[in-house]
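[1] return atomic coordinates for the entry below.
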Amino acid sequence: MLMTIFALLMASLLSFFSYELISYFQRKTTIQATEFNLQLVSHIIEQDFINLSMLAMTSSTNSSTNRMLNEYFRSSPASSAMGAIHAFTSLQEDFRVNRSNGYVRRLIVTDNEDKFIQVDNSVSASVPLTIHNLSQLTGLFPDVSEEWVRIIRDPFSLTQTIPFVMPIYGDRASHTGTVYLLASTNIITDKLKGYPLPSDSRLLLTLGSNSYEIQGDRILPITASYTVSPYEEDTASGSVTSVSLLENEAGDRMISVTYPIRKGVALSQTLMKGQFAPQWNIWLLLMIGVCLFVLASSGFITVYLTRTISLPVEKLKKRIDKIAQGNFLVDRNMEWNSELGDVGRGINRLSQDIVALMERRVADEKLRQELEYRMLQSQINPHFLYNTLNSIKWMATIQNATGIAEMTTSLSRLLRSVAKDMRKLVTLKEELSLLDDYFLIQNYRYGNKITMETAIEDERLLSGLIPRFTLQPLVENAIFHGVEPKGGGHIRLSVQRSGMNEIMIVLEDNGVGMSEAQIASILSKHAPDPEGLTTEGMGLRNVNERLRLTYSERYGISIESVLNEYTRMRILLPHLRTESPGRF
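    Just a heads-up that it's a prediction; the model follows:
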């Protein structure tokens with residue numbers, strides 16, 4: 001008997017709490033469903049408002065239409081007709097391509113004096129607009145802005161519209177006129193056709209400080225007075241949605257769910273509290289059967305679910321947290337003989353795959369950097385060696401010049417450096433020594449018509465490291481494409497300190513210079529080669545990319561040039577004294 005009474009008591013308590021719980025969830029579900037419906041409709045309406053705002057702003061601010069309007073407003077009476085045609089054509093084209101142009105009742109731009117242009121969607125259904133009746137438009141004043149804050153009646157067609165007014169800006173942000181857009185209220189009501197609105201609910205619209213009720217295709221102002229207070233029993237799921245309690249003068253209460261369409265514009269739906277209450281008679285019969293069943297089975301189900309689902313899921317969650325923290329060790333204890341065990345096996349495979357992927361990614365990155373370096377290194381054009389051999393042959397044939405020995409010695413050192421020195425970085429002193437050998441050969445080739453000067457700010461800078469064969473392509477470009485077309489010239493190379501731990505190498509020639517297109521192509525990795533960019537120019541690009549791969553994007557070549565005057569190249573390097581492992 002006592003057990004029966006206890007069971008009945010527990011069943012009654014369970015029924016009561018279940019009823020309250022169902023009421024809570026029904027209320028929450030109703031509010032969330034209303035919020036979702038409002039959000040869905042509001043986003044569609046918002047896009048149309050954005051499109052129409054952009055249409056008006058095209059005339060207001062910097063654009064081709066704005067420029068034509070200002071020219072028309074400033075034009076004299078003799079030339080204003082052509083200016084009006086051009087401005088109207090541009091305005092009409094902006095109107096035509098706008099996706100929401102079907103909701104524009106009329107679009108007017110005026111200088112607030114004696115000039116205006118109108119684009120009208122329904123000319124036949126409207127009284128003609130003239131400069132004499134233009135002032136009848138509500139809210140059309142100079143230097144006034146208004147963005148979707150009220151509903152007015154179009155005085156020329158007697159249709160409900162929402163105005164958007166903003167100044168037209170000219171030079172130096174001066175106000176040269178006003179753009180006046182009237183949007184049909186169908187921009188809102190069209191989206192609400194088929195909206196699931198219960199019979200005892202209402203749709204409300206807020207525009208600025210004005211409130212309206214939406215009834216089918218009509219939007220009517222609300223004349224009744226309501227007291228608005230926060231609804232404390234529940235909250236909205238979205239951060240921008242608000243839930244409030246409305247109470248009229250008669251004491252009737254309803255809940256209002258509000259979703260903002262945009263700043264100053266919001267859509268609301270009212271809910272009566274009766275919509276939240278479950279049907280008691282059906283609920284009572286259902287709860288009697290449910291409670292009897294729950295009393296008998298809840299204990300068993302709780303234990304079973306805890307052992308088969310809750311604990312395994314908790315273990316899986318902890319394992320996933322460890323993986324997120326970087327622990328990729330395999331845990332075989334999660335591979336149960338169940339569906340959750342399949343998940344555990346999948347997590348273990350995922351851990352192994354992540355480890356393999358990271359290792360493969362590191363190896364691929366090292367291989368990519370090595371291949372890029374080798375590719376860039378192989379692209380540096382050594383054709384000057386062939387020119388040198390031809391020069392030696394020519395000199396040996398026609399004269400017994402003492403320069404042959406010097407050229408041969410320099411060439412030997414260059415060939416030895418190319419063939420045997422496999423270092424990627426050499427000291428600046430060694431690089432300048434190779435550059436001297438190269439320039440000696442070229443100087444003989446051009447009959448001493450070119451000169452080169454080297455200036456070192458601090459001898460300690462010569463111990464800094466530089467990628468091998470960095471300066472030779474730069475001097476080669478200065479000779480072949482700078483001073484040679486002039487028949488001779490002077491090259492100056494200076495090494496100086498830049499900042500605390502950087503070296504700046506400046507190479508300047510007084511040759512024919514380079515065009516902006518050539519400079520842009522050399523400095524850009526993906527730019528197409530302009531006409532006239534030869535293999536020497538490609539060599540400069542390769543050197544620049546090699547410097548960036550070696551150090552970072554901060555370092556490399558910058559070029560300054562004036563045609564027929566000079567070309568100045570600056571090479572920025574970090575001041576490194578020992579070659580860093582893994583760096584090019």
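[2] hey, where'd the helices end up in this protein?
    Per DSSP state H, the chain carries helices over the ranges 2-60, 64-74, 80-97, 186-189, 280-305, 311-324, 339-379, 384-398, 403-420, 428-445, 471-478, 516-523, 535-550.
[3] any idea which of those helices is most buried?
    helix 471-478 (a mean of 24; mean count of other CB atoms under 10 Å). No exception for glycine: its C-beta is placed from N, CA and C like everyone else's.
[4] by contact count, what packs against that one?
    helix 428-445, strand 489-497, strand 502-509, helix 535-550, strand 566-574 (3 or more CB pairs under 8 Å, 6 or more residues apart in numbering; DSSP states H and E).
[5] does anything pack onto the second one? Which helices or strands?
    Read it as strand 489-497. Counting contacts by 3+ CB pairs under 8 Å, 6+ apart, strand 489-497 packs against helix 428-445, strand 450-456, helix 471-478, strand 502-509.
[6] pairing partners for that strand, with directions?
    strand 450-456 (parallel), strand 502-509 (antiparallel) (DSSP bridges).
[7] for it, buried residues please.
    Gly489, His490, Ile491, Arg492, Leu493, Val495 (16 or more other CB atoms under 10 Å).
[8] could you dump the residues you listed into CSV with distance to Tyr304 and pLDDT added?
    Shown next, in CSV, are the buried residues of strand 489-497 (distance: CB to CB, whole Å; pLDDT from 0 to 100):
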residue, distance to Tyr304, pLDDT
Gly489, 93, 92
His490, 93, 94
Ile491, 88, 95
Arg492, 88, 95
Leu493, 84, 96
Val495, 81, 95
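[9] residues in contact with Gly482?
    Residues near Gly482 by CB atoms under 8 Å, 6 or more residues apart in numbering: Gly489, Ile491, Asp509, Asn510, Gly511, Val512, Gly513, Thr567.
[10] show me the contacts for the nearest residue to it once chain neighbours are set aside.
    Leaving aside its sequence neighbours, Gly482 sits nearest to Gly511 (CB to CB, 6 or more residues apart in numbering; 2.6 Å). By CB under 8 Å, 6+ apart, the contact list for Gly511 reads Ala478, His481, Gly482, Val483, Glu484, Pro485, Lys486, Gly489, Tyr566, Thr567.
[11] and stretch 202-219, how far out from the chain middle?
    Remark: stretch 202-219 is offset 36 Å from the chain centroid, using CA atoms, centre = their mean, to the nearest Å.
[12] could you do stretch 450-457 as well?
    Distance, centroid of stretch 450-457 to centroid of chain: 48 Å (CA atoms, centre = their mean).
[13] okay, that stretch in PDB with CA atoms only?
    Listed next in PDB are the C-alpha coordinates belonging to stretch 450-457 (Å, rounded to 0.1, in the frame of the first residue of the first chain):
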ATOM      1  CA  ILE A 450      83.000  51.400 -69.400                       C
ATOM      2  CA  THR A 451      84.300  52.100 -65.800                       C
ATOM      3  CA  MET A 452      83.200  50.800 -62.500                       C
ATOM      4  CA  GLU A 453      83.800  52.300 -59.000                       C
ATOM      5  CA  THR A 454      83.300  50.400 -55.700                       C
ATOM      6  CA  ALA A 455      82.800  52.100 -52.400                       C
ATOM      7  CA  ILE A 456      82.700  50.300 -49.100                       C
ATOM      8  CA  GLU A 457      81.400  52.200 -46.100                       C
END
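[14] so which bits of it are buried?
    Using 16+ other CB under 10 Å as the test for burial, stretch 450-457 gives Ile450, Met452.
[15] any idea how the protein splits into domains?
    Structural domains annotated on the chain: 33-278, 280-344, 380-574, as defined by automatic domain parsing.
[16] which of those domains has the lowest mean pLDDT?
    In terms of mean pLDDT, the lowest-scoring of those is domain 280-344 (a mean of 75).
[17] now do stretch 447-455: distance to the chain's middle.
    Distance, centroid of stretch 447-455 to centroid of chain: 51 Å (CA atoms, centre = their mean).
[18] related to what we said a few turns ago, CSV for the buried residues of strand 489-497, including distance to Ile22?
    Listed next are the buried residues of strand 489-497 as CSV, based on distance: CB to CB, whole Å:
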residue, distance to Ile22
Gly489, 93
His490, 94
Ile491, 90
Arg492, 89
Leu493, 87
Val495, 84
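[19] so which of these comes closest to Lys424?
    Nearest to Lys424 among the buried residues of strand 489-497 is Val495, at 20.2 Å by CB to CB.
[20] tell me the contacts of the closest one?
    Leu428, Leu432, Thr454, Ala455, Ile456, Glu457, Leu461, Leu462, Ile503, Met504, Ile505 are the contacts of Val495 under CB under 8 Å, 6+ apart.
[21] try it again with 7 Å
    Leu428, Ile456, Glu457, Leu461, Ile503, Ile505 (CB atoms under 7 Å, 6 or more residues apart in numbering).
[22] so the first one touches Pro467, yeah?
    Put plainly, it is Leu428. No - with contact defined as CB atoms under 7 Å, Leu428 does not reach Pro467; the gap is 10.9 Å.
[23] okay, now the nearest residue to Gly487 once chain neighbours are set aside: neighbour count?
    Nearest non-adjacent residue to Gly487, counting by CB to CB, 6+ apart: Lys449, 6.5 Å away. Counted by other CB atoms under 10 Å, the residues lying close to Lys449 total 13.
[24] tell me if I'm right that Lys449 and Lys486 touch.
    No - between Lys449 and Lys486 there is no contact under CB under 7 Å: 9.3 Å.
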